[in-house]
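Trainee: Pasted the sequence and its predicted model underneath.
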Amino acid sequence: MNADALKVLVTGGKGFIGSAVVRHLVEHTDHEVVNVDKMTYAATHASTESVSDSPRHTFEQVDICDVDRITSVFAEHAPDVVMHLAAESHVDRSIDGPGAFVQTNLIGTYTMLEVARVAGVQRFHHISTDEVFGSLGPDDPGFTETTPYDPRSPYSASKAGSDHLVRAWGETYGLNVLVTNCSNNYGPYHFPEKLIPLVTIRALLGETLPVYGDGQQIRDWLHVEDHASALVTVVQSGVPGETYNIGGKSEQTNLAVVEAICDLVDELAAPLPTGAARRSLITFVADRPGHDQRYAIDQRKIQAELGWTPTHTFDTGLRATVQWYLDNEDWWGPLRTGGASDRRGLAG
């Protein structure tokens with residue numbers, strides 16, 4: 001498609017990945033951005049403050065399940081394409097309260113699809129997760145675009161359902177759709193319930209670090225800025241109806257990630273009052289229900305067809321991310337005070 005000066009509507013544009021997409025679009029393209037977000041617990045205005053004064057950025061506080069308001073936004077802004085990132089995404093929260101995940105991830109996606117279809121948008125890009133594919137064994141090849149779905153939590157089941165809705169709207173109604181499935185993201189502005197920011201903050205403060213099970217669950221880590229560049233590449237150049245997997249080529253056990261963060265905080269921050277290494281804060285707790293053992297992405301398709309590869313290594317990306325959290329307590333402090341917690345334990 002012609003990628004010059006598009007008007008891109010981004011849902012969830014004040015959240016972690018969505019805000020990185022918004023920043024990338026404003027800072028690295030000529031596209032206009034309509035940023036739509038409900039402003040739930042995981043959204044912050046600070047995440048897009050660097051582009052908030054741009055004449056190419058407009059914010060609308062709207063619930064994607066509110067069909068009347070979403071219809072009004074489309075009528076007012078007439079977006080060319082939709083990048084749909086708005087979702088409930090915390091696995092432990094989905095175990096405690098699955099209803100919100102069904103509402104946002106299924107009903108919200110349905111609402112966006114129908115409004116976009118009626119409005120005649122040129123392209124609908126749905127951003128999903130590798131968790132829809134289930135769990136891999138230690139020697140299994142990575143997930144490909146044709147791996148059968150096998151969701152194992154209310155979160156991943158709701159995302160799997162939303163993926164199916166998007167593909168159905170493409171097949172049944174001819175909507176120009178794209179789906180991407182990504183591995184675990186990390187980077188700045190990540191809500192402090194998630195593994196890397198949570199461990200960083202708790203290690204800084206000298207709090208215990210409860211790790212699920214034996215900590216040997218494996219995740220493939222993708223820097224959020226690499227993910228944003230991949231998503232923009234897909235929405236501009238992806239083949240209609242196709243799916244692209246996006247990974248960071250960085251498989252790590254949860255325990256290895258926790259230990260690496262402990263070592264970085266020891267290096268970059270003041271020592272604990274006791275003088276102990278922060279690895280001493282690690283404790284092991286009962287595993288969560290249905291905890292997937294391993295995720296890994298085979299990203300050869302997006303690399304071969306669209307020429308995208310990640311630019312961050314995990315070591316350099318993690319160091320920069322830990323430093324960002326050490327430098328930005330004014331951002332995460334109020335969020336943590338407002339209710340962000342470890343839920344039960346630490347998991348990627």
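Mentor: Ah, there it is.
Trainee: Would you mind finding the longest helix in the protein?
Mentor: Longest helix of the chain, by residue count under DSSP state H: helix 154-173.
Trainee: Give me the neighbour count for residue 38.
Mentor: Around residue 38 there are 19 other residues, counting by other Cβ atoms under 10 Å. Just so you know, the C-beta spots here come from the backbone N, C-alpha and C atoms, and that holds for glycine as well.
Trainee: typo on my end, it should be residue 5
Mentor: 11.
Trainee: give me phi/psi at it?
Mentor: Phi and psi for residue 5, reported as degrees, to the nearest 10, are phi 50, psi 50.
Trainee: for this structure, where's the lowest mean pLDDT among helices and strands?
Mentor: Across the helices and strands of the chain, the lowest-confidence element by mean pLDDT, DSSP states H and E is helix 91-96, at a mean of 87.
Trainee: neighbouring contacts of that helix?
Mentor: 88, 100-101, 131, 153-156, 158, 288-289, 343-344, 347 (Cβ atoms under 8 Å, 6 or more residues apart in numbering).
Trainee: could you dump these to TSV with pLDDT?
Mentor: Converted to TSV, those look like this (pLDDT from 0 to 100):
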residue	pLDDT
88	93
100	94
101	94
131	95
153	91
154	94
155	94
156	95
158	97
288	79
289	83
343	51
344	55
347	70
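Trainee: Out of those residues, the closest to residue 296 would be?
Mentor: residue 131 (12.1 Å; Cβ to Cβ).
Trainee: Tell me where the stretch 151-300 of the chain has strands.
Mentor: Using DSSP state E, counting those that start in this stretch, the strands assigned to the stretch 151-300 of the chain run over residues 177-182, 184-186, 209-212, 218-223, 243-246, 251-253, 282-285.
Trainee: Among these, which comes closest to residue 125?
Mentor: strand 177-182 (4.5 Å).
Trainee: Quick one: low-confidence residue ranges for the chain.
Mentor: In the predicted model of the chain, residues 1-3, 338-346, 348 satisfy pLDDT under 70.
Trainee: Farthest from the middle of it: give me that residue.
Mentor: Among residues of the chain, the one most distant from the C-alpha centroid is residue 274; the distance is 36.3 Å, by Cα atoms, centre = their mean.
Trainee: Please report the distance of that one from residue 149.
Mentor: 48 Å (Cβ to Cβ, to the nearest Å).
Trainee: Same question for residue 255.
Mentor: For residue 255 relative to residue 149 (Cβ to Cβ), the value is 28 Å.
Trainee: Now do the helices in this protein.
Mentor: Going by DSSP H, the chain shows helices at 16-28, 67-77, 91-96, 98-101, 109-119, 154-173, 195-205, 224-237, 254-268, 300-306, 314-327, 329-337.
Trainee: could I get the last one in PDB with only the CA atoms?
Mentor: What follows is helix 329-337, C-alpha atoms only, in PDB (Å, rounded to 0.1, in the frame of the first residue of the first chain):
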ATOM      1  CA  GLU A 329      11.100   6.600  39.900                       C
ATOM      2  CA  ASP A 330       8.900   9.700  39.300                       C
ATOM      3  CA  TRP A 331       7.100   7.600  36.600                       C
ATOM      4  CA  TRP A 332       6.800   4.200  38.300                       C
ATOM      5  CA  GLY A 333       6.500   5.400  41.900                       C
ATOM      6  CA  PRO A 334       2.900   6.600  41.700                       C
ATOM      7  CA  LEU A 335       1.800   3.600  39.700                       C
ATOM      8  CA  ARG A 336       3.300   1.300  42.300                       C
ATOM      9  CA  THR A 337       1.600   3.200  45.100                       C
END
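Trainee: relative to helix 314-327, how tilted is it?
Mentor: With axes from the mean of the first three to the mean of the last three Cα atoms, to 10 degrees defining the directions, helix 329-337 sits at 80 degrees from helix 314-327.
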